[in-house]
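> Let me see the structure of the following:
(2 chains)
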2 protein chains.
Amino acid sequence: MINETYKKMLQGKSVIRELSEYATERGKEIGYENVFDYSLGNPSVPCTQSYTDAVIRLHQEAKPSTVHGYSPSLGIESVRATVADSLKRRFGVPYETKHIFMTSGAAGAIAHAVRCVTKPGDEVLTFAPYFPEYNPYVNLTGAVLKVVPANTQTFQINFDAFESMLTENVAAVLVNTPNNPSGIALSTETIQKMADLMYAKQKEYGHDIFLISDEPYREIVFAGADAPYVSKFYDNSISCYSFSKSLSLPGERIGYIAVNPKATDADIIAIMCSQISRGIGHNCPSSSVQLAVAKVIDETSDLSVYETNMNLLYNALTRIGFEVVKPGGTFYIFPKALEADAVAFSKKALKYDLILVPADGFGCPGYFRMAYCIDTEKVERSIPVLEKFAREEYGLKF
Amino acid sequence: MINETYKKMLQGKSVIRELSEYATERGKEIGYENVFDYSLGNPSVPCTQSYTDAVIRLHQEAKPSTVHGYSPSLGIESVRATVADSLKRRFGVPYETKHIFMTSGAAGAIAHAVRCVTKPGDEVLTFAPYFPEYNPYVNLTGAVLKVVPANTQTFQINFDAFESMLTENVAAVLVNTPNNPSGIALSTETIQKMADLMYAKQKEYGHDIFLISDEPYREIVFAGADAPYVSKFYDNSISCYSFSKSLSLPGERIGYIAVNPKATDADIIAIMCSQISRGIGHNCPSSSVQLAVAKVIDETSDLSVYETNMNLLYNALTRIGFEVVKPGGTFYIFPKALEADAVAFSKKALKYDLILVPADGFGCPGYFRMAYCIDTEKVERSIPVLEKFAREEYGLKF
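Just a heads-up that it's a prediction; the model follows:
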């Protein structure tokens, strides 16, 4: 009596995963240094020495029962207080301990937030291009993910489409800025307009519409980008954070939910999350990892390599003739493919050992994603190869 | 539009948690050393030095991207291989890497296993007394937990009740041995009889009935106890393990599922779990914790204090006149209260600063649980207090 719903999920293969596996196999043949693997969003810079030192010191000096004892489902209270204090100080939103719920990265944060503010059958809107894992996060709660088509001119929000899709059935909007896969940060103007529209629709429909903000790339913002803190613009908002990218700790599965103190039921949403976590058996992130990130709460790894790589790639791609919007953050760039079928395009690129991810799965066919969280030296070596590919396969002259 | 189902869960308060909080508060008044706190199952012995050393060495010597990089949802492959090899060597069941799924402790293991082998509306049977968290683990999947009444003579299985409840609607049986809260290990004879009955019913109904075995106390077995490895007796079985008690790491949230290689769909259950984990946003336990437990896979903390404490308490309780079955493992003992209402009994005990948990929530009213994962010195000091309590409140002579 194997559950057929979950069994069917086995058929949905991840294109990113397939390409990454191909890159690994190809690397065994020709040396991985010769594969220009832009497939995976795995941070290339190490975590801070201060994080490593904090872990070691905790294990050397603290009582084992403090480091490894049960954490409350909500997270360790002192850690939650540290998170609240840091957010309040940095972004001016008056979070308190009770608004913070520690999670297994942003994935856990989003899955819990969606469960809290929707009921089965409700719609959750997100904006293309979007992270494909939003499908399981939302759909396994019983809510239904609907995708607002992209504004491919700027990758800000397509407001005509958003307004027409923001019907009475919508319980939540899931936004990701800076964005995976486009690299674009939503501007102050965009976020204000989104908030205004949501306030108007809340009033019109007479029910809450929550804004769930997925923010793993919050700390990776490039010079000149306008990338404000989303929750400042809208009361019914829940920030979902992960230390995966800012501290290069993706495997540690550590992040949090921060509930806007002005949200409806702001005082119980975190506790509801802790009840939900009991039911799914997650409970809480590792106690030692919670304690260690709290020690370095305002720090990040040296993230400058991502901006260096972005500038190299953006300049090269535009020179070659790609249509591409300059990223404001993250470690992704999102050019238009050189033919309508981005899957065919990516397949041709494989002949040049260029691993490019077609964006069909991100809800934006015809585009492709490059994850440039790789060594700058490799980015530099990849540019003549990109040129050769564009010239030989598509006859581009530049 | 806060989800009302999860909101309602906030009303279900945990008696254990309330008593534990009371004990902490009372400790502030009279000194915690004077509160005989038998409420919480938090291991009292430290993790092994070898575990601490493994964590420190990983952080000092391994590449950060190895220690903190993304783990596959299934768990790190080398860790899964180490687990499979250890189980095969120790228990003779031929597990391979593909049968292992790394989880957030036994809680995550059970929640995933239940989702895999049931569909909404299916029944899952468990045996009283049982761990109350089984309710959210099972009920949030859409399946329905039903509790087979206890055999209070021996706390082995009440087979008459089990047989009559093992109807066509049952998709899985959830068993916990050694048991929280009774401390009893199911004997070879009991497990064999349970397996025989389940085989017969599978044949009669023409569908699988899975046995989900919750084993966080597997390594805490006392001299003379007959406590065999459950999955050896039944093909459609899934072992759910946690390192919380054996290595005293409850806060690290680390455990696994081991699917019996002879189970129906044995080769896909672990992969299904990894798909489910995407949907609930859990993904996998901490990468560094996975790597560290693999380094000490066959070790345990010094667990001997639990047997020392058990013997002290068992001898005292029987001498005083309590009806109690001698535990075969764990760090729990489960006597009959001295009046029918165990809640009233526990309330009276508070006057003596004895924190005893009434077993109504464990599906066994009239009994109470003592978690003796505390210092032996405190157990010794508690005995005259238990005597005084029994004498003064219930007029026992001994």
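> Chain neighbours aside, what residue packs nearest to the residue positioned nearest the centre of chain A?
The centre of chain A sits closest to A:Pro216, judged by Cα atoms, centre = their mean, with a distance of 4.9 Å. Nearest non-adjacent residue to A:Pro216, counting by Cβ to Cβ, 6 or more residues apart in numbering or on different chains: A:Ser242, 4.1 Å away. Glycine gets a C-beta too; all of them are placed from N, C-alpha and C.
> what does A:Arg90 give?
Nearest to A:Arg90 is A:Asp298, by Cβ to Cβ, 6+ apart, at 7.4 Å.
> For my notes, confirm the one you found occurs in a strand.
No - going by DSSP: H, G, I helix; E, B strand; the rest coil, the assignment for A:Asp298 is coil, not a strand.
> Could you tell me how far it is located from chain B?
19 Å (Cβ to the nearest Cβ, to the nearest Å).
> Quick check: phi and psi at that residue.
Dihedral angles phi and psi of A:Asp298 (degrees, to the nearest 10) take the values phi -100, psi 10.
> isn't it right up against A:Leu87?
No - with contact defined as Cβ atoms under 8 Å, A:Asp298 does not reach A:Leu87; the gap is 10.3 Å.
> So which of the two has more stuff around it?
Between A:Asp298 and A:Leu87, counted using other Cβ atoms under 10 Å in any protein chain shown, the more crowded position is A:Leu87 (22 against 10).
> list the contacts for that one?
A:Val93, A:Tyr95, A:Ser239, A:Ala258 (Cβ atoms under 8 Å, 6 or more residues apart in numbering or on different chains).
> Look up which helix or strand the closest residue to the third one other than its chain neighbours falls in, please.
It refers to A:Ser239. Excluding its sequence neighbours, the residue lying closest to A:Ser239 (Cβ to Cβ, 6+ apart) is A:Ala258, at 4.3 Å. Following DSSP states H and E, one finds A:Ala258 within strand A:255-259.
> Give me the distance from that strand to the chain's centre.
In terms of Cα atoms, centre = their mean, to the nearest Å, the centre of strand A:255-259 is found 14 Å from the chain centre.
> Could you list the paired strands of it along with their orientation?
Sheet pairing of strand A:255-259 (DSSP bridges) gives strand A:100-103 (antiparallel), strand A:237-242 (antiparallel).
> So which residues on the stretch 201-350 of chain A come close to chain B?
A:207-210, A:248-254, A:264-265, A:268-269, A:271-272, A:275-276, A:278-289 (Cβ under 8 Å from any Cβ of the partner chain).
> Can you tell me which of those residues are buried?
A:208-210, A:248-254, A:264-265, A:268-269, A:271-272, A:275-276, A:278-289 (16 or more other Cβ atoms under 10 Å in any protein chain shown).
> quick one: A:Tyr234 and chain B, what's the gap?
Counting by Cβ to the nearest Cβ, the gap from A:Tyr234 to chain B is 15 Å.
> Run through the residues that contact A:Gln192.
Contact analysis of A:Gln192 by Cβ under 8 Å, 6+ apart lists A:Phe233.
> returning to what we had before: out of the residues of the stretch 201-350 of chain A next to chain B, list just those in strands.
Secondary structure from DSSP state E places A:Phe210 of these in strands.
> Among the residues of the stretch 201-350 of chain A next to chain B, which ones are in helices?
Members of these lying in helices (criterion: DSSP state H): A:Ile268, A:Ile269, A:Ile271, A:Met272, A:Gln275, A:Ile276, A:Arg278, A:Gly279, A:Ile280, A:Ser287, A:Ser288, A:Val289.
> pLDDT added to the residues you listed, as TSV?
Below are these laid out as TSV (pLDDT from 0 to 100):
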residue	pLDDT
A:Ile268	94
A:Ile269	96
A:Ile271	93
A:Met272	93
A:Gln275	88
A:Ile276	88
A:Arg278	81
A:Gly279	78
A:Ile280	79
A:Ser287	97
A:Ser288	98
A:Val289	98
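> Quick check: the two most widely separated of the residues you listed?
A:Ile268 and A:Ser288 (28.6 Å; Cβ to Cβ).
> Might you enumerate the residues of the stretch 51-200 of chain A proximal to chain B?
A:52, A:55-56, A:59-60, A:63-65, A:67-71, A:103-105, A:107-112, A:115-119, A:122, A:133, A:136-137, A:139-140, A:171.
> Any quick ChimeraX command for the buried ones out of these?
Buried residues among these (16+ other Cβ under 10 Å), as a ChimeraX selection:
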select /A:52,55,56,59,64,65,67,68,69,70,71,103,104,105,107,108,109,110,111,112,115,116,117,118,119,122,133,136,137,140,171
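> just checking, A:Ala84 touches A:Phe101?
No - the pair formed by A:Ala84 and A:Phe101 falls short of the contact definition of Cβ under 8 Å, at 11.0 Å.
> Mind checking which of those two has more residues around it?
A count of neighbours by other Cβ under 10 Å puts A:Phe101 above the other of A:Ala84 and A:Phe101, at 31 against 21.
> gap between that one and A:Glu77?
Remark: distance between A:Phe101 and A:Glu77 (Cβ to Cβ, to the nearest Å) = 12 Å.
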